[in-house]
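K.L.:
when you get a sec, could you give me coordinates for this:
(chains A and B, ligands or ions: 1)
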Amino acid sequence: MLLIRCPYCEQERPEVEFSFAHQAHKPRPEAAGEPLDDHNWARWVYYQKNIKGVAHERWNHAAGCRKFFNAARDTVSSEIVATYKSGETPPVPESRIEGEDLSFDYENAEGGA
Amino acid sequence: MSQDFRLPAGGRIDRSERLNFTFDGQTFTGYRGDTVASALLANGVHLVGRSFKYHRPRGIVTAGVEEPNALIDCNITAQEKGTREANNRATFTELRHGLTTKSVNAFPNLNFDIGEINSLMARFIPAGFYYKSLLVSTGMWHRVVEPVIRRAAGLGVTDEVADVSRYDGHYLHADIVIVGAGPTGLQAARVAAKSGARVVLVEQDTECGGSLLRDPVEIDGMDADLWVATVEAELAAAPNVRVLTRTTLSGIFDHNMLTALERVTDHLDVQDAADDHRPRMRWHRVRAKQVVLATGSFERPLVFRNNDLPGIMFAGAVETYLQRYGVKTGNTGLFLVNNDMALSAAIKAKDAGIDVTVVDVRSESTGPNTERLMAMGVPFLTNHTLVEAKGGKRVKAAVVAPMNGDGTAISGEMRTIECDFIGSSSGYNPIVHLHCQSGAKLDFDPTTACFVPGAPMGATPTISAGGCKGLFSLNDALASGASAAQEAMDALGLQAAEATVVSASEEAHPGSLHIRHLWLLPTDKPTSKGGKFWVDFQNDVTAADLQLAVRENFRSVEHIKRYTTLGMATDQGKTSNINALGILSDVLGVTIPDIGTTTFRPPYTPTTFGAIAGREPGDFLDVARVTPMHDWHAEHGALFEDVGQWKRAWYYPKAGENMHAAVDRECRAVRESVGILDASTLGKIIVKGPDAAEFLNRVYTNKWMKLGVGRCRYGLMLGEDGMIMDDGVSSRVAEDEFLMTTTTGGAANVLSHLEDYLQTEWTDLKVYLTSVTEQWAVASLNGPKARALLSELCDDVDLSPESFKFMEWKEATVAGIPARIFRISFTGDLAFEINVPADKGMALWTALMTAGAKYGITPYGTEAMHVLRAEKGFIIVGQDTDGSLNPHDMDMSWIIGKDKDDFIGKRSLTRKDMSDPMRKQYVGILTDDPKEVLPEGAQLVNVADAPASAAPKSPVPMQGHVSSSYWSSAAGRSIALGIVKGGIARKGETLIVPMPDGRNVKVTLTDTVFVDAEGARQHG
Ligand SMILES: [Zn+2]
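P.N.:
From the prediction side, this is the model:
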């Protein structure tokens, strides 16, 4: 079971108090300056990055302060590299393990029509 | 029976305490300090079980937790019921007075066993038998195959009554957890204790000492016992150390969350255990900053023909029984080895007066143990193979022969050596289970022919030391224990204490094995002919099975494991996996590391479920949420339905009524006079703040800005994908406040959905959300007499239809209780939902029941509620929708605010596919026969595709399915709702519902409203 530091409560708490929400820092097409066509929209709705390596994730301290915050988590080792408040700049970048197959990935998604 | 095989002296048993126990009905005696296995062996009992598949006679083969054969059913305490436990390993079960034990899997008894007939059928039960038997016809499976498997297979029988033992859960926090209190773990604990760390030392055995308990060599000139006692005293005196014996570290999870099972009373005599006030076991959940593994190693056996006969054991087990328990395995022993270390068992046996012969498969054997045996005059055969073991329920002899140079064939005369036991050793496997559970990999060490821990992995790596790291010399192990602790102290940022340097006498444990790996001993016939070569004793997997799997083209070890069931029994292949990999590497022609290992999963050894459940079995397993009126429902005979964690009244049967009759009566009451429903479970969220209306406008599809105070509105909530997520009525309490209701099951999800948007997307909106689900009790009056009844109890509000309209709410006093009354209806009838503070719920309910008696007020449950709403075509999110349906699909396009700027799901709804007329759409479904009530989930097909039988040869294209289906007395017939491709435009069309019994039921697609289509009743 993970130990997660809630950046609002400023405490390490067990995973059972938290729920995973979704990929963090995922701008809507219009916020990312992209045309809001069906392709971009479908990609935003249906695709997640699914990083093998350090990923930015949104978590909720559901059985605690109920705040949503972000975590940089290594999806291979489950190490939580950092947690930070919503709206803050990630203190560590995302990183991918070399050689990973990205063909099904968010950035390369075909999207829908 | 007397203990004929007990040595006159020696061992760690207490001969002053004689303990009586039974095995399969026969009474035996052993001593305090025995295991059930050592006591049985002291009495000359080797045959303890029958094998899983072939029901072969099986004996004790190990002296520890890895035991595959000696599984026993035993009573935990003297209590009569609820204390039997199956599949205990006799080699790990402490003997206690009054224990009654039984062999498992030996119908009708151990000695005469009908299952042995399987041996004659062995060639019909090859590898993959279970999979191949799945290919027979269904009838063949039910009539023949399954009963045969069920009768023949299976280990042990579970107790038929609930476990009466008590269990406890316990949390521990430690700077360092050290697993294993052998010499390595003790050295590590000393260093960690001196460094000031918070230490937990976990040992599965009854006492500390590990390998020293069976081989008490001198350490630092001290007798092993004294050395262990000295270290234990040091640890006991340290306030920062906790030593847990009889505790198995069973699992390592993320971020060093460890689970450990402590056996608190299982060693007590059964009467004492029954009277003891403590829990039987404690399940420790330990959060450790650092973990040092000092779990030692397992011996593995050599694989030869008939190597499963009782009396054939691991060499180290023979040594343990001699040294720790003072028990001789037999009188004439043959030791079959491929390494130096195992020979120490032969020396101890010879010392104990046993006739010993050694067969060494190595071409040269020159170590100190060999020299010593030669000097003792022990017959010593090198470069020999054991061709086959002979015997029935006990080994009687071994056939041996010289081998050719590469060990692939015999090269000379076979000769027979009589023996009543064989001690075999093929080397040692470091116990890497916990290392692997932590996520780390293994490296193969060809010198010692075993897997050793590879590089640590992840945020919270474990540190291995001693035998589990592949260090077989005692001095190396002691040194590595100390250095592992120092490494952990460094990681903790503590100043690591110097280790007290200790050393053991060199000759005792040189550590060099000089191993020759021969995974399958050469013989005179192929493995498929004659007796079998057993690899996995517990699941009856043979060398021939593995070879067959490869011939059938299985290559991945994970596939071979599942196909042959290798390593899948309760011992998880602790003694068999490496031998199997060795045999596979020979057949496949690849190295063992290239084959790889299978995955090590928790628990390390079998764990009693009760211990994991702890104090939370039965009613404590999950939270049950009940409404303030729950006790009334229970007293009035309600049956309850689980909705999420809520207990909701389902229906209230009267004497002699079945469900159908009760629901029918409840529905008629609502349509004819008045019914009352406990609606307290609906999710209720206060939405408050200057932007509350704007917020609702964004989360619902329809418009909310202009809803007046005192008005209510139905809303549909979509996900970003445009699909229906939840629904409910929200009411404007004030300019800046709404009360939102959600479905009972969706309340928690809706709240976090809304909070997510407020906190991360629309941080500029000034809105607070507060869940008030449990603050309000809700009684919903429904039916034509609802107004008459309510007006008797409420005189401060005009309830007339002119001044209190449908979809309005008012503050009022009902039966003297301050209340909010909502004119909203989920039945389509005249309805008032009365909300009062939760603690007044029961008072409100009983007042309504009393006043309502003259109207025949009838409480109704969720089932009647479902029927009544279906009569009106109202959807239930999650029953009629499934996450792939949008408002257009549900014929609810009217609820989408056309000129709204935005709302969640709006962009997705504009995609062309979302309004495709051929999507599955919500329709009514009426059977041609009005009495036929369709099963929910039934599929609909086109008339042209109607199948000719219940099992059509080819698949039939589906058009949709039935989502709701009931008998409706208001409609005077059965009614159903469902989802059908292009259904809205197909109303009037006939379709077919093929039934499991082969009938094709004709149905017509209709509108979704079956009662009061113009909606006059709810506005009345
Ligand atoms: Zn928090």
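K.L.:
can you list the domains in chain B?
P.N.:
For chain B, the structural domains run B:167-297+B:430-492, B:301-426, B:534-588, B:683-765, B:917-1018, going by automatic domain parsing.
K.L.:
for B:Met740, give me its contacts.
P.N.:
B:Gly683, B:Lys684, B:Ile685, B:Ile686, B:Val687, B:Leu696, B:Gly715, B:Gly728, B:Ser730 (C-beta atoms under 8 Å, 6 or more residues apart in numbering or on different chains). (Glycine included, C-beta is placed from N, CA and C.)
K.L.:
and it, that's in a helix?
P.N.:
No. Counting by DSSP: H, G, I helix; E, B strand; the rest coil, B:Met740 is located in no helix; its state is strand.
K.L.:
identify the bridge partners of it.
P.N.:
B:Ile685, B:Ser730 (DSSP bridges).
K.L.:
let me see the confidence value for it.
P.N.:
Per-residue pLDDT puts B:Met740 at 98.
K.L.:
measure it to chain A for me?
P.N.:
For B:Met740, the distance to chain A equals 17 Å [C-beta to the nearest C-beta, to the nearest Å].
K.L.:
and for B:Ser730?
P.N.:
21 Å.
K.L.:
how about B:Ser893?
P.N.:
The value you get for B:Ser893 to chain A, if C-beta to the nearest C-beta is used, is 20 Å.
K.L.:
wait, that residue sits on B:Met914?
P.N.:
No. The criterion here is C-beta atoms under 8 Å, and B:Ser893 misses it with B:Met914 at 10.9 Å.
K.L.:
overlap in contacts, those two.
P.N.:
With C-beta under 8 Å, 6+ apart, B:Ser893 and B:Met914 have no common neighbours.
K.L.:
neighbour-wise, which of the two wins?
P.N.:
Using other C-beta atoms under 10 Å in any protein chain shown as the criterion, B:Ser893 and B:Met914 rank with B:Met914 on top: 17 against 14.
K.L.:
what score does the more buried one have for pLDDT?
P.N.:
pLDDT, read off for B:Met914, is 95.
K.L.:
need the contact list for it.
P.N.:
Applying C-beta under 8 Å, 6+ apart, the residues near B:Met914 are B:Gly722, B:Asn886, B:His888, B:Ser908.
K.L.:
picking up where we left off before, and the domains of chain B, which one's lowest on average pLDDT?
P.N.:
domain B:534-588 (a mean of 90).
K.L.:
what strand or helix carries the residue lying closest to B:Gly978 once chain neighbours are set aside?
P.N.:
Leaving aside its chain neighbours, B:Gly978 sits nearest to B:Val962 (4.3 Å; criterion: C-beta to C-beta, 6 or more residues apart in numbering or on different chains). Using DSSP states H and E, the element containing B:Val962 is strand B:960-968.
K.L.:
after that strand, which helix or strand is next?
P.N.:
Next along from strand B:960-968, by DSSP H and E: strand B:973-981.
K.L.:
mind listing residues that contact stretch B:965-977?
P.N.:
Counting by C-beta under 8 Å, 6+ apart, B:660, B:664, B:667-668, B:671, B:866-867, B:870-871, B:873, B:875, B:880, B:922-927, B:930-936, B:938, B:962-964, B:1003, B:1008, B:1010-1011 sit against stretch B:965-977.
K.L.:
same question for stretch B:658-666.
P.N.:
B:651-654, B:657, B:675, B:858-861, B:863-864, B:867, B:967, B:969.
K.L.:
which elements pack onto the host helix or strand of B:His170?
P.N.:
Assigned by DSSP H and E, B:His170 belongs to strand B:167-179. Packing contacts for strand B:167-179, counted by 3 or more C-beta pairs under 8 Å, 6 or more residues apart in numbering or on different chains; DSSP states H and E, involve helix B:183-194, strand B:199-202, strand B:281-293, helix B:474-492, helix B:609-613.
K.L.:
any chance of these in JSON lines, with distance to B:Pro57 and mean neighbour count too?
P.N.:
Below are the helices and strands packed on strand B:167-179 laid out as JSON lines (distance: least, C-beta to C-beta, whole Å; neighbours: other C-beta atoms under 10 Å in any protein chain shown):
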{"stretch": "helix B:183-194", "distance to B:Pro57": "37", "mean neighbour count": "29"}
{"stretch": "strand B:199-202", "distance to B:Pro57": "36", "mean neighbour count": "28"}
{"stretch": "strand B:281-293", "distance to B:Pro57": "33", "mean neighbour count": "23"}
{"stretch": "helix B:474-492", "distance to B:Pro57": "37", "mean neighbour count": "23"}
{"stretch": "helix B:609-613", "distance to B:Pro57": "31", "mean neighbour count": "17"}
